[in-house]
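Student: got a sequence here, can you model it:
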Amino acid sequence: MPKPRKSPFDDGYIAIIERLVARRRELGMTQEQLASAYGEDQSFISRVERRQRRIDVWEFVLFCVALDVDPGALLKDTFAERSFEDVLRGMASRAAT
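Tutor: Model prediction:
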């Protein structure tokens, strides 16, 4: 049986959410404005940004559309700052716990 993760929010996920928050702020959008563009209420956006609510791949794409940013470009930019070896080390440390 697989070992449970310590947190559903690893460094990579946190980096993605931080990029989404930075983009919202760059556009001068409030959480309420983003929620309206996304089709949810402000508390949903707040929970995602505070990492109390995990988003799936499709929700990530919808966030990107609402923030007028290409999902692929956002991911590429996010992980360009991390080496492949860093990603592998993170995976190995999770597997060891």
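
Student: contacting residues for Phe44?
Tutor: Applying CB atoms under 8 Å, 6 or more residues apart in numbering, we find Phe44 in contact with 35, 38, 53. Yep, even glycine has a C-beta here, placed from its N, CA and C like the rest.

Student: count the neighbours of the second one for me.
Tutor: Translated: Tyr38. Neighbour count of Tyr38, defined by other CB atoms under 10 Å: 18.

Student: ditto for the first one
Tutor: By the measure other CB under 10 Å, the count of residues near Ala35 is 19.

Student: could you list the buried residues of the one helix or strand it maps to?
Tutor: Ala35 belongs to helix 31-38 when assigned by DSSP states H and E. Going by neighbour count (16 or more other CB atoms under 10 Å), the buried part of helix 31-38 is 31, 34-35, 37-38.

Student: hang on, the earlier thing: can you redo the contacts of Phe44 as CSV with distance to Val21?
Tutor: Formatted as CSV, the contacts of Phe44 follow (distance: CB to CB, whole Å):
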residue, distance to Val21
Ala35, 13
Tyr38, 14
Arg53, 13
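
Student: for the protein, what's the longest helix?
Tutor: helix 11-26 (DSSP state H).

Student: is it true that Tyr38 touches Ile45?
Tutor: Yes. Between Tyr38 and Ile45 there is a contact at 7.0 Å, judged by CB atoms under 8 Å.

Student: which residues touch Leu67?
Tutor: Leu67 neighbours (CB under 8 Å, 6+ apart): 20, 23-24, 27, 29, 34.

Student: just the helices in the protein please.
Tutor: According to DSSP H, the chain carries its helices in the segments 11-26, 31-38, 42-49, 57-66, 71-80, 84-96.

Student: now do the last one, average pLDDT.
Tutor: Average pLDDT, helix 84-96: 65.

Student: repeat that for the third one.
Tutor: Mean pLDDT, taken over the full extent of helix 42-49, equals 97.

Student: for it, the distance to its chain's centre please.
Tutor: Distance, stretch centre to chain centre, for helix 42-49: 12 Å (CA atoms, centre = their mean, to the nearest Å).
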